[in-house]
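K.L.:
No sequence on hand, only this structure:
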């Protein structure tokens, strides 16, 4: 049986190589994640979503990833799942919060969908930073974010994950507007985002 | 950059090849899924979870998959995500509910965790069949199922997915008991199941 293979576009490695190795500020981390979310739909390599994994304290970049649902035929290949899986396989561990590892932070250009929220909890990251969690993403793009738990912030905190919202909100929303204006594919009415 | 690669164990293809091509009854579908959940931990190839994808009406087997978190270092490689992704890549579509396709049913040996519930919704399946959704899995195995939406059945129905619970419940629970008695690894306190 063939394995599941989720490829990443060539530009992702090229653009990642150009990034600063250390990004001390949250805003800097988010600004690059938002830029990658834009590059992904502009280059036709997936939906307008990206996620970056960083060492929380130092801001060292661990991995950048993007939505790959349509090109790879995998409905679970949202940006968060792609980034977390790439990082876990690169580091050789399914637990990014394992003993002796620095605290990891996931930076995403919008609130994770119902699936990615769970994926984030199981990954071992200790911090989630998002540009927003309001209705803008669904309203502008038409994606369904799914039935996330009503107390998703509290449930994350119970599991040792802090949540910070509202970093560069307007910049993230502008990507959704430009995506919608581009006439790009919003894959099926049931399709999740991120 | 290397792609994400989620391999499956050799026994999965061998055992799948021995299965009936058509399984008209739900109980027959579930009995094989439960057997695969047992094989997976007994052979040391993952946690005690399996998922089968079937054409709902005919009972034609589309794909069997199992939990692969520990061997592949991917915390998202739960049985549901593995099965759905294998099927989607085999069929060449991210939407198992696309036009012209028969209705698809996902059969799992317990209620999907918070992540897999979302993954199921985005996959395009139209039916979810589970052996149970009570506290037995978490209590016996120690896995955390995560913060699924309180009205998860209703939220699934809103998105066109029907849920049937309680098929071969006792048989599924027995696998969890045997798993726990085996002293097998329950991967980290935050780790999801399925």
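P.N.:
Good, I have the coordinates. All figures in this text were calculated on a predicted structure; none of them were measured in a lab.

K.L.:
Give me the buried positions along the longest helix seen in chain A.
P.N.:
The helix spanning the most residues in chain A, taking DSSP state H as the definition, is helix A:26-42. Judged by neighbour count (16 or more other CB atoms under 10 Å in any protein chain shown), helix A:26-42 contains these buried residues: A:26, A:28-41. Just so you know, the C-beta spots here come from the backbone N, C-alpha and C atoms, and that holds for glycine as well.

K.L.:
quick one: residue A:133 from chain B, how far?
P.N.:
The span separating residue A:133 from chain B equals 15 Å under the rule CB to the nearest CB, to the nearest Å.

K.L.:
meant to ask about residue A:130, not that
P.N.:
16 Å.

K.L.:
what's the answer for residue A:138, then?
P.N.:
In this view, residue A:138 and chain B are 14 Å apart by CB to the nearest CB.

K.L.:
confidence score at residue A:71?
P.N.:
Note for residue A:71: predicted pLDDT of 97.

K.L.:
I'd assumed it was in a helix, is it?
P.N.:
Yes. Per DSSP: H, G, I helix; E, B strand; the rest coil, residue A:71 lies within a helix segment.

K.L.:
Can you report how many residues neighbour it?
P.N.:
Residues contacting residue A:71 under the criterion other CB atoms under 10 Å in any protein chain shown number 16.

K.L.:
Buried residues, the helix-or-strand element of chain A with minimal mean pLDDT. List them.
P.N.:
The helix or strand with the lowest mean pLDDT-type score in chain A, counting by mean pLDDT, DSSP states H and E, is helix A:136-141 (a mean of 92). Counting neighbours by 16+ other CB under 10 Å, one finds that the buried residues in helix A:136-141 are A:136, A:137, A:138, A:140, A:141.

K.L.:
Now the last one. Nearest residue, chain neighbours left out?
P.N.:
The one in question is residue A:141. Excluding the flanking residues, the one nearest residue A:141 by CB to CB, 6 or more residues apart in numbering or on different chains is residue A:176, at 5.1 Å.

K.L.:
With residue A:72 instead?
P.N.:
residue A:6 (5.0 Å).

K.L.:
what bridges to that neighbour?
P.N.:
The bridge-partner assignment for residue A:6, based on DSSP bridges, gives residue B:4.

K.L.:
And the residue minimising distance to the centre of chain A, its phi and psi?
P.N.:
To find the centre residue of chain A, average its C-alpha atoms and take the closest one (CA atoms, centre = their mean): that gives residue A:51, at 2.8 Å. Per-residue torsions, residue A:51: phi -150, psi 140 (degrees, to the nearest 10).

K.L.:
State the pLDDT value of it.
P.N.:
Each residue has a pLDDT score; the one for residue A:51 is 98.

K.L.:
beta partners of it?
P.N.:
Taking DSSP bridges, one obtains residue A:65, residue A:108 as the residues bridged to residue A:51.

K.L.:
my read: it touches residue A:82, true?
P.N.:
Yes. In terms of CB atoms under 8 Å, residue A:51 counts as a neighbour of residue A:82; the distance is 7.3 Å.

K.L.:
who touches both of those two?
P.N.:
Common contacts of residue A:51 and residue A:82, defined by CB atoms under 8 Å, 6 or more residues apart in numbering or on different chains, comprise A:65, A:66.

K.L.:
any idea of the angle the strand or helix carrying residue A:179 forms with helix A:26-42?
P.N.:
In this structure, residue A:179 sits in helix A:169-181 according to DSSP states H and E. Following axes from the mean of the first three to the mean of the last three CA atoms, to 10 degrees, one obtains 0 degrees for the angle between helix A:169-181 and helix A:26-42.

K.L.:
Can you pull out the low-pLDDT segments for chain A?
P.N.:
A:185-194 (pLDDT under 70).

K.L.:
Determine how far the least confident helix or strand of chain A lies from the middle of the whole chain.
P.N.:
Put simply, helix A:136-141 sits 16 Å off its chain's centre (CA atoms, centre = their mean, to the nearest Å).

K.L.:
Which other helices and strands does that helix contact?
P.N.:
Contacts of helix A:136-141 with other secondary structure elements, assessed using 3 or more CB pairs under 8 Å, 6 or more residues apart in numbering or on different chains; DSSP states H and E, are made with helix A:169-181.

K.L.:
mind listing what's buried in the helix it packs on?
P.N.:
Within helix A:169-181, the residues scored as buried using 16+ other CB under 10 Å are A:169, A:171, A:172, A:173, A:175, A:176, A:179.

K.L.:
Distance from that helix to the middle of the chain?
P.N.:
Relative to the mean C-alpha coordinate of its chain, helix A:169-181 is positioned 15 Å out (CA atoms, centre = their mean).

K.L.:
which stretch of helix or strand covers residue A:116?
P.N.:
When secondary structure is defined by DSSP H and E, residue A:116 falls within helix A:114-123.

K.L.:
Partner strands of the next helix or strand after that helix, with direction?
P.N.:
Once the chain leaves helix A:114-123, the next helix or strand it forms, by DSSP H and E, is strand A:127-130. Looking at strand A:127-130 with DSSP bridges, its paired strands and their directions are strand A:104-108 (parallel), strand A:162-164 (parallel).

K.L.:
which of the ones you listed is buried the deepest?
P.N.:
Across those, averaging neighbours per residue (mean count of other CB atoms under 10 Å in any protein chain shown) puts strand A:104-108 on top, at a mean of 26.

K.L.:
Next, the angle from it to helix A:114-123.
P.N.:
Angle of strand A:104-108 versus helix A:114-123, following the same axes, to 10 degrees, is 170 degrees.

K.L.:
Touching strand A:104-108 from outside, list them.
P.N.:
So strand A:104-108 is in contact with A:26, A:29-30, A:33, A:49-56, A:62, A:79-80, A:83-84, A:96-97, A:116, A:120, A:123-131, A:167, A:194, going by CB under 8 Å, 6+ apart.

K.L.:
redo that, cut-off 7 Å
P.N.:
Strand A:104-108 is touched from outside by A:29-30, A:33, A:51-56, A:62, A:79-80, A:96-97, A:120, A:124-130, A:194, with contacts defined as CB atoms under 7 Å, 6 or more residues apart in numbering or on different chains.
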